[in-house]
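Enquirer: sequence and predicted structure below; questions after.
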Amino acid sequence: MTATRLEIKEHEPGKISKPKVIVGVPEAGLVGTISSTYLIQQLKLPEIGHFESELVPPVVIVHESKPKRPIRVFGKDDLVVITSEIPLHPRLSLEFASEVAKWAKMKDSSILVGVTSVPFEGDIDRSEVEKPNVLAL
């Protein structure tokens with residue numbers, strides 16, 4: 001593995017096929033991280049893999065007194081949720097997107113969804129907003 005390469009390491013390769021893949025990473029509004037964590041907890045998805053790269057900062061995340069890698073893959077049956085607990089550096093973001101797309105294609109994924117928010121520039125008076133706009137692509 002080269003320093004610029006990011007790879008998904010599955011704990012049990014071949015166990016998942018044709019999954020629906022949801023990706024949530026930290027960004028401006030934290031929507032991706034919050035929603036992916038919610039799905040993982042509510043659906044009780046087990047950790048099935050992680051990302052490895054020299055580009056990933058040397059940090060350890062601790063959950064239930066156990067050290068975990070910062071970018072992990074969770075899933076069961078035909079659903080996979082990929083989440084990161086660290087912001088992705090622009091260089092890492094490119095590798096991350098490329099690896100996720102390659103992996104989803106290799107797994108014959110039926111759909112790949114990135115959950116994110118877009119920062120809004122300007123002044124919004126929240127009292128004037130009856131219902132915020134929610135957009136999907």
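Expert: Perfect, thanks for sending it.
Enquirer: contacts for the longest helix along the chain next, please.
Expert: Longest among the helix segments of the chain by residue count, using DSSP state H, is helix 90-106. With contacts defined as Cβ atoms under 8 Å, 6 or more residues apart in numbering, helix 90-106 is touched by 4-8, 19, 21, 23, 25, 51, 53, 55-56, 71, 82, 84, 88, 112. All C-beta atoms are positioned from the backbone trio N, CA, C, and that covers glycine.
Enquirer: how close does G49 get to K9?
Expert: Per Cβ to Cβ, to the nearest Å, G49 is found 6 Å from K9.
Enquirer: which of those two has more neighbours?
Expert: Set side by side, G49 and K9 show more neighbours around G49, with 23 against 12, by other Cβ atoms under 10 Å.
Enquirer: chain neighbours aside, what residue packs nearest to that one?
Expert: V73 (3.7 Å; Cβ to Cβ, 6 or more residues apart in numbering).
Enquirer: and if you look at I111?
Expert: Closest to I111 by Cβ to Cβ, 6+ apart is K20, at 5.1 Å.
Enquirer: for burial, what's the neighbour tally of D77?
Expert: For D77, using other Cβ under 10 Å, the count is 10.
Enquirer: from I16, how far off is it?
Expert: Taking Cβ to Cβ, one finds D77 at 9 Å from I16.
Enquirer: just list whatever residues bridge to the spatially most central residue of the chain.
Expert: The chain has T83 as the residue nearest its centroid, 2.9 Å off, counting by Cα atoms, centre = their mean. For T83, the beta-bridge partners are G24, R72 (DSSP bridges).
Enquirer: unless I'm mixing things up, it is touching F74, no?
Expert: Yes - at 7.1 Å, T83 counts as touching F74 under the criterion of Cβ atoms under 8 Å.
Enquirer: fine by me, thanks again.
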